[in-house]
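**Q** pasting the sequence and the predicted model now:
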Amino acid sequence: MKHGKKYVEGAKLVDRTKLYDSEEALALAVKTATAKFDETVEVHIRLGVDSRHADQQVRGAVVLPNGTGKNVRVAVFCKGDDKTKAAQEAGADFVGAEDLVTKIQGGWTDFDVAVASPDMMGLVGRLGKILGPRGLMPNPKAGTVSPDVAKAVKEAKAGKIEYRLDKTNIIHCVIGKASFGPEKLLENFNTLLDAVIAAKPAAAKGQYIKSCSVATTMGPGIRCNPAKVGSGAAAKED
């Protein structure tokens, strides 16, 4: 695979054989972000679990202290004047019930997060084939199915992200923009890793965090020391 000039220049700064401390890895990631736009910073965490087993699933949501740097568009499924007004006042971009379901069934998915009150899930369930593959289906574990839709909207707008395993047992998450600088990115990184570590399934055996790397949109991957991630790095592995 051929890489662009900026990627190649950034890759020269990274020692491929080294496992960096989180702070150093993020500082290096910011240094490699030389594109003309504000690059997104991503984290990729490979876990020592098997996502094919229900008792080894790792999924949840966490509010990043410094947000993601992205303007999050939130769609809310709810009924009743009170809930509708509360969702709108909390900053929801789209609010509706049957009308919103019909609009999405017609192919519209111009939003980043979907929130639903529990009484709407029978209706929202019809959208599983549309929202599911896009990662937009409201889910109680992610806090996007909630009787308090206003709170869910505020959290989404504040930088709440969902983490979940893919089929290869890797979690991919955005933790901010290169313009945040290393300190704010580290706060977000540690918040995410702490949540993932706390979500370790009882059925998981051996090393839980197998590998962890950070990268910007156009930059190379930078490997972190998996034994030293999160704010409580001393108590990582059993």
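**A** Everything's here; your move.
**Q** per-residue pLDDT, the residue of the chain most remote from its centre?
**A** Residue farthest from the centre of the chain, counting by Cα atoms, centre = their mean, is residue 81 at 31.3 Å. Looking at residue 81, its pLDDT is 94.
**Q** so which residues of this protein form strands?
**A** Ranges of strands in the chain, per DSSP state E, are 40-47, 59-63, 74-77, 94-96, 113-116, 160-164, 170-177, 209-216, 222-224.
**Q** make CSV out of the ones you listed and add mean neighbour count.
**A** Just so you know, the C-beta spots here come from the backbone N, C-alpha and C atoms, and that holds for glycine as well. Rendered in CSV, the data for those read as follows (neighbours: other Cβ atoms under 10 Å):
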stretch, mean neighbour count
strand 40-47, 22
strand 59-63, 18
strand 74-77, 27
strand 94-96, 20
strand 113-116, 26
strand 160-164, 20
strand 170-177, 21
strand 209-216, 21
strand 222-224, 24
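**Q** and the nearest residue to residue 67 once chain neighbours are set aside, what does it touch?
**A** Distances taken as Cβ to Cβ, 6 or more residues apart in numbering place residue 159 nearest to residue 67, at 3.2 Å, with adjacent residues excluded. Taking Cβ atoms under 8 Å, 6 or more residues apart in numbering as the criterion, residue 159 is in contact with 63-68, 72, 188.
**Q** re earlier: let's have the strands of the chain in TSV, adding mean pLDDT.
**A** Shown next, in TSV, are the strands of the chain (pLDDT from 0 to 100):
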stretch	mean pLDDT
strand 40-47	96
strand 59-63	91
strand 74-77	98
strand 94-96	97
strand 113-116	96
strand 160-164	92
strand 170-177	96
strand 209-216	96
strand 222-224	95
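**Q** nearest to residue 144 among the ones you listed would be which one?
**A** Among those, the nearest to residue 144 by Cβ to Cβ is strand 113-116 (5.0 Å).
**Q** helices or strands up against the closest one?
**A** Counting contacts by 3 or more Cβ pairs under 8 Å, 6 or more residues apart in numbering; DSSP states H and E, strand 113-116 packs against strand 74-77, helix 149-158.
**Q** worst mean pLDDT among the ones you listed?
**A** helix 149-158 (a mean of 94).
**Q** mind listing residues that contact that helix?
**A** Contacts of helix 149-158 (Cβ under 8 Å, 6+ apart): 63, 67, 72, 74, 76, 78, 83, 86-87, 89-92, 112-113, 115-117, 143-144, 146.
**Q** then stretch 62-72?
**A** The contact list for stretch 62-72 (Cβ under 8 Å, 6+ apart) reads 38, 40, 112-113, 155-161, 163, 174-177, 179-180, 184-185, 187-188, 191-192, 195.
**Q** cool, stretch 94-105 as well?
**A** With contact meaning Cβ under 8 Å, 6+ apart, stretch 94-105 is reached by 73-79, 84, 87-88, 111, 120, 123-124, 126-127, 130-131.
**Q** centre of the chain to that stretch, how far?
**A** Centroid separation for stretch 94-105 versus its chain: 25 Å, with Cα atoms, centre = their mean, to the nearest Å.
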